[in-house]
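Trainee: Below is the sequence, then the predicted model.
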Amino acid sequence: MLINGVKAELLPATDRGLAYGDGLYRTLEVVAGQPRLWRWQWQRLAADCAALRLPCPDEALLLAEIATVCAGLPRAVAKVVLTRGSGQRGYAIPAQVQPTRIVSAAVWAGYPPERAQHGIVVRWCDTQLGLQPRLAGVKHLNRLENVLARSEWDDPAIAEGLMLDSDGTVVEGTMSNLFWVCDGQLYTPKLDRCGVSGAMRACVIDTAHQLGIAVTEQRLLPAELLAADEAFVCNSLAGIWPLRQLDGHTWPAWPLTTRLQQALPAG
């Protein structure tokens, strides 16, 4: 772990990331020192920094630190956390911001390959996402809604939970973005009021466009998802997982989902 470029594991108790969740993060797969999907990871990180008015680190510096913490690991999970740094008591943003940059790595544990090959069982979560357009799409450090939603089940047969917003529309998984297919067209929930806009989500949209597949962002009701021809969730570590079963409904085949899985960039 590096904190502001120095090997360390301790933060000041005054750090605003701890006090207020004032910051953001990205999690990414690193193979032989090279982060996968970096173009999309960097685009999302820069966009989230702009949304929070947080100084964005230098790209070359960040890549060098990721390579440092992942050295010696053939396959790793790297995490980049940016906070607004230490500050005095109170919500007001300090006039002089000195961000905290944390880059860490862990050995890749992976996921069972059958989830991508044979699909997953998912469930609805009771915990809802609050509407906050100012933070919509941002992978900020306030993830308590997702934490509470993920705590709702411990059945290992259920791989993911789907979350609704307070208006009852489907937004995302606890750790993933959602797509569905109707009549050969690909859809994904609009993330203009809440939810996280993940790097893999952006990669899937770009990949679909390259394949000539139209992608539409729109509101989605639970009943509409159950009526879809196919559906899948995705994130930058898991890739694409087809939905096999939800709420007693099953999807037996995923031709377009499989096509997208095969077309995703390797690096």
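Mentor: Done, it's in.
Trainee: Report the beta-bridge partners for Ile3.
Mentor: Taking DSSP bridges as the rule, Ile3 bridges to Val6, Ile102.
Trainee: my guess is it meets Ser104, correct?
Mentor: No - between Ile3 and Ser104 there is no contact under CB atoms under 8 Å: 9.0 Å. From N, CA and C alone the C-beta is placed, and that goes for glycine too.
Trainee: Helices along this structure, start to end?
Mentor: 16-20, 38-52, 59-69, 114-118, 144-150, 199-210, 222-226, 255-263 (DSSP state H).
Trainee: Name the residues of the third one that are buried.
Mentor: Along helix 59-69, these residues count as buried under the neighbour rule (16 or more other CB atoms under 10 Å): 62, 65-67, 69.
Trainee: Kindly report the same for the fourth one.
Mentor: By neighbour count, with 16+ other CB under 10 Å as the criterion, the buried positions of helix 114-118 are 115-116.
Trainee: now that helix: mean pLDDT?
Mentor: Averaged over helix 114-118, pLDDT sits at 96.
Trainee: which strands and helices sit next to it?
Mentor: Packing partners of helix 114-118 (3 or more CB pairs under 8 Å, 6 or more residues apart in numbering; DSSP states H and E): strand 239-246.
Trainee: buried set for the strand it packs on?
Mentor: Of all the residues in strand 239-246, those buried under the rule 16+ other CB under 10 Å are 239-244, 246.
Trainee: which one of those is nearest His118?
Mentor: Arg244 (6.8 Å; CB to CB).
Trainee: show me what contacts Leu131?
Mentor: 165-167, 193-194 (CB atoms under 8 Å, 6 or more residues apart in numbering).
Trainee: change it to 6 Å
Mentor: Taking CB atoms under 6 Å, 6 or more residues apart in numbering as the criterion, Leu131 is in contact with 165-166, 193-194.
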